[in-house]
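K.L.:
the sequence and its predicted three-dimensional model are supplied below.
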Amino acid sequence: MTRKKVREHLFKLLFLLDFYSKTELDDQVSTYLSDIGNDADAAEESQERLEKVREELKQKFYAVAEHLEEIDRKIEEKSNGWSLKRLAKADITALRLAIYEIQYDEDVPAGVAVNEAVELAKLYGTDKSPAFVNGVLGSVVRDGAEE
C-alpha cells in the first residue's frame with residue numbers, strides 16, 4: 001500500500017472525529033481498521049504488511065486526536081476569522097492531518113504535508129478547497145519557519 005493510500009485512510013479515519021462521541025470512536029476506529037485489506041487496492045498486500053499499516057493508522061489517529069484542540073486553534077487562527085463550524089468538514093480534516101504532520105511528525109517534510117493535503121482537498125472538498133487549504137497551510141509553514 002502506497003504512502004498516499006495510507007494517508008487517505010488516515011484522512012477518512014480523522015473524518016470520524018466530527019461525527020462520533022469519544023466513547024464511540026474506539027469502536028468506529030476498530031471497525032474501519034478491520035475493513036482495511038478487504039478491498040481490491042489491498043488484495044495483494046501481505047497480512048503482516050496490513051497489520052503494520054493498521055497499527056500505524058491507529059497510532060497516528062490517536063496522536064492527532066491527542067493534539068486536536070491545539071490543531072483546531074491553529075486552523076481558526078490561520079483561516080482569517082472563520083470558525084470551524086463554518087468550514088467544510090473535508091477541509092477541516094485535510095488541515096488537521098497536515099498541521100499534525102507539520103508540527104508533530106518529524107518523518108513528514110512540511111512541503112509533502114501541504115501537497116498531500118491539497119490533493120485530499122481536490123479529491124474530497126469543493127472547487128475552492130485546494131486554494132483554501134493551501135493558503136492556511138502556507139501561513140502555518142511560514143509561522144513555523146519564523147520561530
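P.N.:
It's in.
K.L.:
helices or strands next to the longest helix seen in the chain in the packing?
P.N.:
In the chain, with assignment by DSSP state H, the single longest helix is helix 47-66. Judged by 3 or more C-beta pairs under 8 Å, 6 or more residues apart in numbering; DSSP states H and E, the packing partners of helix 47-66 are helix 3-15, helix 22-35, helix 89-104. Bear in mind the C-beta positions are built from the backbone N, C-alpha and C, glycine included.
K.L.:
tell me the contacts of the residue nearest the centre of the chain?
P.N.:
Of all residues in the chain, the one closest to the mean position by C-alpha atoms, centre = their mean is L97, 2.8 Å from it. Listed by C-beta atoms under 8 Å, 6 or more residues apart in numbering, the contact set of L97 reads R7, L10, F11, L14, V64, A113, A117, L120.
K.L.:
before we move on, what about A121?
P.N.:
By C-beta under 8 Å, 6+ apart, the neighbours of A121 are A90, D91, A94, S129, P130, F132, V133, N134.
K.L.:
please redo it, this time with the cut-off set to 6 Å
P.N.:
Residues near A121 by C-beta atoms under 6 Å, 6 or more residues apart in numbering: A94, S129, P130, V133.
K.L.:
can I get the helix or strand where it lies as PDB, trimmed to CA atoms?
P.N.:
Assigned by DSSP states H and E, A121 belongs to helix 110-124. Taking Å, rounded to 0.1, in the frame of the first residue of the first chain, the C-alpha atoms of helix 110-124 are listed here in PDB:
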ATOM      1  CA  ALA A 110       6.300  20.200   5.600                       C
ATOM      2  CA  GLY A 111       6.100  20.500   1.800                       C
ATOM      3  CA  VAL A 112       4.900  16.900   1.500                       C
ATOM      4  CA  ALA A 113       2.200  17.500   4.100                       C
ATOM      5  CA  VAL A 114       1.000  20.600   2.300                       C
ATOM      6  CA  ASN A 115       1.000  19.000  -1.100                       C
ATOM      7  CA  GLU A 116      -0.800  15.900   0.100                       C
ATOM      8  CA  ALA A 117      -3.400  18.000   2.000                       C
ATOM      9  CA  VAL A 118      -4.100  20.000  -1.200                       C
ATOM     10  CA  GLU A 119      -4.600  16.700  -3.100                       C
ATOM     11  CA  LEU A 120      -7.000  15.400  -0.500                       C
ATOM     12  CA  ALA A 121      -8.900  18.700  -0.700                       C
ATOM     13  CA  LYS A 122      -9.100  18.300  -4.500                       C
ATOM     14  CA  LEU A 123     -10.400  14.800  -4.100                       C
ATOM     15  CA  TYR A 124     -12.900  15.300  -1.200                       C
END
